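Colleague: Here's a sequence, model it:
(chains A and B)
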Amino acid sequence: MKHLLLGDEAIAQGAIDAGLSGVYAYPGTPSTEITEYIQMQQAKLMKAEPDAAEKRIFCKWATNEKTAMEAALGMAYMGKRALVCMKHVGMNVCADAFMNSAITGVNGGLVVLAADDPSMHSSQNEQDSRFYGKFAMIPIMEPSNQQEAYDMTKAAFALSEELHTPVLLRVTTRMAHSRAVVCTQDEAPKQNAMSLPENVKHFILLPAFAKQNYAELVAAQPVFTEKSNNSPYNVYKKGANPKKAIITTGIAYNYLMENGEPEATVLKITQYPLPEALIKQMVADGAEEVLVVEEGQPVVEEMIRGMIPSTIAVKGRLTGDLPRMGELNPDSVRAALGMEPLPVREKEDIVVSRPPALCQGCGHRDMYAALNEVAREYEDSRIFGDIGCYTLGALSPFHAIHACVEMGASVTMAKGAADAGQHPSIAVIGDSTFTHSGMTGLLDCVNSNANVVVLISDNLTTGMTGGQDSAGTGRLEQICYGLGVAPEHVRVVVPLPKNMEEIKQTLREEIDYPGTSVVIARRECIQTLKRHLKAAKAGK
Amino acid sequence: MKKNIILAGVGGQGILSIATVIGEAALAENLYLKQAEVHGMSQRGGDVQSNLRLSSDPIASDLIPKGGADLIISLEPMEALRYVDYLSPEGWVVTSADPFVNIPNYPDMEAVKARLEAVGHLVSLNVEALAKEAGAPAQAANMVLLGAAIPMLDIDHDKMIDGVRRVFARKGEAVVESNVAAVEAGYAHSLKQM
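Modeller: Below you'll find the model as predicted:
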């Protein structure tokens, strides 16, 4: 069957067709659509075949990437195929589970999908997940187009089961969010039956067992490399001028080909560890100069330096032949190839930037309006922000927050600042980010009765990624009580202009209380509200 | 056949619906297609764009090279100008003439108009007014713009209308007809202005 699919959707369909039993993920651009696609397909299936239990795929959102990774490992432990999806920085959150899943190995297939965001379209850094794959010493697959995204997802599950290892599937924003026609299989997928691992000690990482496992992982490296050497997705093509060679990976291959078939030898890499035999072939064919064209950080550019004679010049992002940071494009690759640029028009200088803003009518706006007024009543208020739509509170017209680092940092940074003597020290965090990584920080606050106000801006959803379920909806007060915040210092307000005086008074009282308090500003996201009203209308 | 199109606008204006219809028509023609979209943070009232590439031969890059765009279709006049350096010397701009002002430093509208005229190949139209004239709601303004771009697309007018019908079919006959009327209004306007 032919479909017009986003890269993310191609991965999702590939996983379904590979016999997936569970997808585990926390929303994060540009990975979100993978899980959403599986949820949508499952909803259709539930309607069409309500009794087909053998076709069910677990696809409920996880609280964060670490819980997602661990649940997926548990499913793979039981012999079934599991997919974990996240944006690149999610890899940091799940790193403990991820790294150790390489030591345990897997029973059923386990594919970890990391969607990197070079150029930081919606992220705070452009870390390259291939480092994680290399760090964990597991195979990595990096498809170059939507069809490969589909095919290689299926291949990744097969490889995972064959080698008893998790496989990292790495894409970048352009692959995740670009559509093309994908041919998919016609036969119905079949899920694995439940089965226990052959050797359960593999999953008990006591040092004595872990040493044995790690020795096996090290010993398996040549096998992994052999798989790369023989992978149909790694393609070596000797050029008319083999003195020049180009190594290109994943989607970067497309930018190379956009500029025409080169005279140089081309090694297209989409499966790692690096295919050593193909790189040796490139040297044997007389390469004197190698240009490395890869999306993301200079991972391959660094790695091949140790694999080829030092007389061969290596060019790429480190040498300035390609930009050191940011996404590649046909133009930057064209320049690196030494080709003349296409004739272009001048950029228009009267065009000004149009930054994103909080929606009109959004509750975060009313929350910031009140917070800003109260904060100004104190000599030096510090407001630690977090990751979500409300990070836009840093921009005009609010200029409200003084920090935004990573998921949950608002709570614990506010605590650290309070420990240092800062007052008022205020954290602003969304409901979904709070349950993702803010709860543990709040427990730290409670344990030392830190003089902080944690303002949870609760819009009942994971807003910035498009309105996915939020793990703590309806239970935030109970969570705060359970963590030990005094119930009289867990306050709830409704962020609307008419409630401005009440919100301000509540904030003042809690700032003046010398201990840990929580203020929940709760009003549904305006976007999900519109959707709910529309659905309700359609239902009538 | 090869067409590189940049779709531009402000988050929420509906550029992806234009892409959906063109994509639908292109697939029916068995053309190759690649469409890079913008998701995530930039949707919140910020500038958005999508690269849409159609070709009778396989397409390599998801992104259009600078100077390689045949057509800019924009739901906002300043946003059309934002990508002019991607437009080929022979390329066309089809844009809404209605500014969307949600920033304090929006440039002088006369200057924006003058720069658009300077592009050489321009169709500029009041999409909302044309939608209303055609008896369609303001939300169909993007379909007026799509209609205005049909002459530059190398996809037959009737095939595009079929695409509109298929894309909106599940929303009922009334929605289909008002969107078709909007497309026809844009198409007629474009033929007059070209």
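
Colleague: Hmm, residue A:68 is touching residue A:87, no?
Modeller: No: Residue A:68 lies out of contact with residue A:87 (C-beta atoms under 8 Å); the separation is 12.0 Å. Any C-beta I mention is one placed from the backbone N, CA and C, and that applies to glycine too.

Colleague: what's the helix or strand for the residue of the stretch 101-250 of chain A found nearest chain B?
Modeller: The nearest approach of the stretch 101-250 of chain A to chain B comes at residue A:122, 3.7 Å away (C-beta to the nearest C-beta). Per DSSP states H and E: residue A:122 is located in neither a helix nor a strand.

Colleague: Tally up the residues packed near it, please.
Modeller: The number of residues packed near residue A:122 is 20, by other C-beta atoms under 10 Å in any protein chain shown.

Colleague: so where do the strands sit in chain B?
Modeller: Along chain B, the stretches classed as strands by DSSP state E are B:2-10, B:32-36, B:47-55, B:69-74, B:87-96, B:122-125.

Colleague: mind putting these in TSV, mean pLDDT and distance to chain A included?
Modeller: TSV is the format used below for these (pLDDT from 0 to 100; distance: least, C-beta to the nearest C-beta, whole Å):
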stretch	mean pLDDT	distance to chain A
strand B:2-10	96	7
strand B:32-36	96	4
strand B:47-55	95	4
strand B:69-74	98	10
strand B:87-96	97	6
strand B:122-125	97	13
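
Colleague: could you dump those to CSV with mean neighbour count?
Modeller: Shown next, in CSV, are these (neighbours: other C-beta atoms under 10 Å in any protein chain shown):
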stretch, mean neighbour count
strand B:2-10, 24
strand B:32-36, 22
strand B:47-55, 23
strand B:69-74, 25
strand B:87-96, 22
strand B:122-125, 21
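
Colleague: Mind checking those for the one nearest to residue A:236?
Modeller: Comparing the strands of chain B against residue A:236 with C-beta to C-beta, the closest turns out to be strand B:32-36 (25.4 Å).

Colleague: ok, residues contacting the closest one?
Modeller: Residues from elsewhere that reach strand B:32-36 (C-beta atoms under 8 Å, 6 or more residues apart in numbering or on different chains): A:4, A:174, A:177-181, B:19, B:23, B:26-27, B:50-59, B:61-63.

Colleague: before we move on, the earlier item: so the residue of the stretch 101-250 of chain A closest to chain B sits against residue A:30, correct?
Modeller: Yes: taking contacts as C-beta under 8 Å, residue A:122 lies within contact range of residue A:30: 7.2 Å.

Colleague: For residue A:465, which non-adjacent residue is spatially closest?
Modeller: Of all residues not flanking residue A:465 in the chain, residue A:27 sits nearest, at 3.8 Å (C-beta to C-beta, 6 or more residues apart in numbering or on different chains).

Colleague: Show me which positions of stretch A:257-271 end up buried.
Modeller: Using 16 or more other C-beta atoms under 10 Å in any protein chain shown as the test for burial, stretch A:257-271 gives A:257, A:258, A:259, A:262, A:264, A:265, A:266, A:267, A:268, A:269, A:270, A:271.

Colleague: Oh, that last question was meant for stretch A:309-316, not what I typed.
Modeller: By neighbour count with 16+ other C-beta under 10 Å, stretch A:309-316 contains the buried residues A:314, A:315, A:316.

Colleague: From residue A:419, how far out is residue A:447?
Modeller: 12 Å (C-beta to C-beta, to the nearest Å).

Colleague: ok, these two, which is more surrounded?
Modeller: Per other C-beta under 10 Å, whichever of residue A:447 and residue A:419 has more neighbours is residue A:419, with 15 against 12.

Colleague: The more buried one reaches residue A:452, doesn't it?
Modeller: No: counting by C-beta under 8 Å, residue A:419 does not reach residue A:452; the two are 9.4 Å apart.

Colleague: Give me the common contacts of those two.
Modeller: By C-beta under 8 Å, 6+ apart, no residue touches both residue A:419 and residue A:452.

Colleague: Name the nearest residue to residue A:429, ignoring sequence neighbours.
Modeller: The nearest residue in space to residue A:429 (C-beta to C-beta, 6+ apart) is residue A:386, at 4.3 Å.

Colleague: Closest to the centroid, which residue in chain B?
Modeller: residue B:73 (3.4 Å; C-alpha atoms, centre = their mean).

Colleague: Return the residues in contact with that one.
Modeller: B:5, B:6, B:7, B:8, B:15, B:18, B:94, B:95, B:145, B:146, B:149.

Colleague: what sits opposite it in the beta ladder?
Modeller: Residues in a beta bridge with residue B:73, per DSSP bridges, are residue B:7, residue B:94.

Colleague: Equivalent analysis for residue A:313, please.
Modeller: residue A:289.

Colleague: so it makes contact with residue A:287?
Modeller: No: counting by C-beta under 8 Å, residue A:313 sits too far from residue A:287 to count as a contact (9.6 Å).

Colleague: what about burial for the contacts of strand B:32-36, which qualify?
Modeller: Neighbour-count burial (16+ other C-beta under 10 Å) applied to the contacts of strand B:32-36 gives A:4, A:174, A:177-181, B:19, B:23, B:26-27, B:50-55, B:59, B:61-63.

Colleague: show me the contacts for residue A:146.
Modeller: A:5, A:6, A:7, A:10, A:175, A:178, A:179, A:180, A:181, A:182.

Colleague: So which of those would count as near chain B as well?
Modeller: Contacts with chain B within these, as defined by C-beta under 8 Å from any C-beta of the partner chain: A:6, A:175, A:178, A:179, A:180, A:181.

Colleague: State the number of residues packed around residue A:219.
Modeller: Residues near residue A:219, counting by other C-beta under 10 Å: 9.

Colleague: all helices for chain B, in order.
Modeller: With DSSP state H as the definition, chain B shows helices at residue ranges B:15-28, B:77-82, B:109-118, B:127-133, B:141-149, B:157-168, B:173-193.

Colleague: Briefly note if the shortest one comes near chain A.
Modeller: Okay, so that is helix B:77-82. Yes: using C-beta under 8 Å from any C-beta, helix B:77-82 reaches chain A at B:78, B:79, B:81, B:82.

Colleague: Distance to residue A:538 added to those residues, as TSV?
Modeller: Formatted as TSV, those follow (distance: C-beta to C-beta, whole Å):
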residue	distance to residue A:538
B:78	36
B:79	32
B:81	39
B:82	36
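
Colleague: from the buried residues of stretch A:309-316, which single one is nearest residue A:299?
Modeller: Residue A:299 lies nearest to residue A:316 out of these, by C-beta to C-beta, at 10.2 Å.

Colleague: for residue A:323, what are its contacts?
Modeller: With contact taken as C-beta under 8 Å, 6+ apart, residue A:323 is in contact with A:317, A:332.

Colleague: Please tell me how far it sits from chain B.
Modeller: 14 Å (C-beta to the nearest C-beta, to the nearest Å).

Colleague: With residue A:295 instead?
Modeller: For residue A:295, the distance to chain B (C-beta to the nearest C-beta) stands at 11 Å.

Colleague: Enumerate the residues of the stretch 151-300 of chain A near chain B.
Modeller: So the stretch 151-300 of chain A meets chain B at A:174-175, A:177-181, A:251, A:254-258 (C-beta under 8 Å from any C-beta).

Colleague: In strands, which of the buried residues of stretch A:257-271 fall?
Modeller: A:264, A:265, A:266, A:267, A:268, A:269, A:271.

Colleague: Test my guess that the fifth one contacts residue A:232.
Modeller: Yep, that's residue A:268 we're talking about. No: between residue A:268 and residue A:232 there is no contact under C-beta under 8 Å: 11.1 Å.

Colleague: I'd guessed residue A:364 sits against residue A:456; true?
Modeller: No: between residue A:364 and residue A:456 there is no contact under C-beta under 8 Å: 11.5 Å.

Colleague: who's more crowded, those two?
Modeller: Taking neighbours as other C-beta under 10 Å, residue A:364 and residue A:456 compare with residue A:456 leading, 30 against 27.

Colleague: Dig out what that one forms beta bridges with.
Modeller: With DSSP bridges as the rule, residue A:456 is bridged to residue A:429, residue A:520.

Colleague: so where's chain B shaky on pLDDT?
Modeller: B:40-43 (pLDDT under 70).
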